[in-house]
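S.K.: Give me coordinates for this.
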Amino acid sequence: MANTPLMPKATAVWLVDNTALSFDQIAGFCKLHPLEVKAIADGEAAQGIKGLDPILTGQLAREELERAQNDPNYQLKLQGSKVVLPEAKRKGPRYTPVSRRQDRPNAILWLVRHHPELKDAQIMRLVGTTKPTIAAIRDRTHWNSSNLTPSDPVTLGLCSQLELDIEVEKAAKNAPIPSQVELEETLMPVEESTSEEALAAAFKFDTSRPAPQPEEVFDADAVFAKLNSLKNASNADEDDDDA
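M.R.: You can find the predicted model right below:
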């Protein structure tokens, strides 16, 4: 497939119309049958297909084309691409260096305790382990369970913080939403949550003590009127004594 030009039929149409190459040369370059190239030249095939210039697309050098036109026995060679595309990474278990493999059980224990929402497949992607190992650590049947210490896989270098955050976010999105029955069982009724006992327990104050009485508000006019009446009564008593 790498030795076949891009859009071989369109390339063959352009070579038939614009060069003096033989049918065999065009067929060999475009990976077509010579009779198919002859049908293109006779207008019996590839009708409506616009020719594609292989020189402009960088698939054929002009010197190569001139050499083939001068020598009917010469076979055109496809020019290699100048752009090298990176190969897609194969999906598989994460490779863990030998020096880090002894830390994987500690990392699995940390993930199981701090992120119980993670599935086994997600833990496998993060630290490169197997389902039996994860199950053994969950059930505490691992051969070294008594010596395991939870350790952050990011700190151990088994995965990056970004990879861990992505897996945790995926697990949170896939977590089941609690039903209305579960919410009703977990939520306290309003009457109970706002009762005096509940408030006392929440704010830790003593309900046995009497509530503070509101401060008495004095009316200034009434006080002065009372003082004036007392003063007038005192003056009247003095007048009676003088008489």
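
S.K.: what's the domain layout of this structure?
M.R.: 8-70, 98-174 (automatic domain parsing).

S.K.: what's the weakest-modelled helix or strand in this protein?
M.R.: One helix or strand of the chain scores below all others by mean pLDDT, DSSP states H and E: helix 180-186, with a mean of 56.

S.K.: Please report how far Cys159 lies from Arg104.
M.R.: 11 Å (C-beta to C-beta, to the nearest Å). To be clear about C-beta, it is placed using only N, CA and C from the backbone, and glycine gets the same treatment.

S.K.: Find residues that contact each of those two.
M.R.: Val127 (C-beta atoms under 8 Å, 6 or more residues apart in numbering).

S.K.: Neighbours of Lys119, how many?
M.R.: 13 (other C-beta atoms under 10 Å).

S.K.: How about the one 4 residues further on?
M.R.: Using other C-beta under 10 Å, Ile123 is surrounded by 24 other residues.

S.K.: How about Ile137?
M.R.: 24.

S.K.: That one: what's it in contact with?
M.R.: So Ile137 contacts Pro105, Ile108, Leu109, Val112, Ser145, Leu148 (C-beta under 8 Å, 6+ apart).

S.K.: Would you confirm that the second one contacts Pro132?
M.R.: When you say that, I think you mean Ile108. No: with contacts counted by C-beta atoms under 8 Å, Ile108 stays clear of Pro132, the gap being 11.5 Å.

S.K.: So for the two, which sits in the more crowded spot?
M.R.: Taking neighbours as other C-beta under 10 Å, Ile108 and Pro132 compare with Ile108 leading, 27 against 11.

S.K.: what about the more buried one, which SS state?
M.R.: Per DSSP: H, G, I helix; E, B strand; the rest coil, the secondary structure class of Ile108 is helix.

S.K.: Same list, the domains of the chain, but as a markdown table with mean pLDDT and distance to Asp221 please.
M.R.: Shown next, in a markdown table, are the domains of the chain (pLDDT from 0 to 100; distance: least, C-beta to C-beta, whole Å):
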| stretch | mean pLDDT | distance to Asp221 |
| --- | --- | --- |
| domain 8-70 | 88 | 105 |
| domain 98-174 | 89 | 68 |
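
S.K.: can you list these in a markdown table and add distance to Leu227?
M.R.: Converted to a markdown table, the domains of the chain look like this (distance: least, C-beta to C-beta, whole Å):
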| stretch | distance to Leu227 |
| --- | --- |
| domain 8-70 | 113 |
| domain 98-174 | 75 |
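
S.K.: which one of these lies closest to Ser229?
M.R.: Ranking the domains of the chain by proximity to Ser229 (C-beta to C-beta) places domain 98-174 first, at 78.4 Å.

S.K.: can you pull the contacts of the nearest residue to Asp103 once chain neighbours are set aside?
M.R.: With C-beta to C-beta, 6 or more residues apart in numbering as the criterion, Asp103 has its nearest non-adjacent residue at 4.6 Å, and that residue is Leu156. Taking C-beta under 8 Å, 6+ apart as the contact definition, Leu156 lies against Arg100, Asp103, Asn106, Ala107.

S.K.: Now the second one. Its backbone dihedrals?
M.R.: Okay, so that is Asp103. Asp103 adopts backbone torsions of phi -90, psi -10, taken as degrees, to the nearest 10.

S.K.: hey, where'd the helices end up in this protein?
M.R.: 8-18, 23-30, 34-41, 62-70, 104-114, 120-127, 131-138, 153-156, 161-174, 180-186, 190-193, 196-203, 220-242 (DSSP state H).
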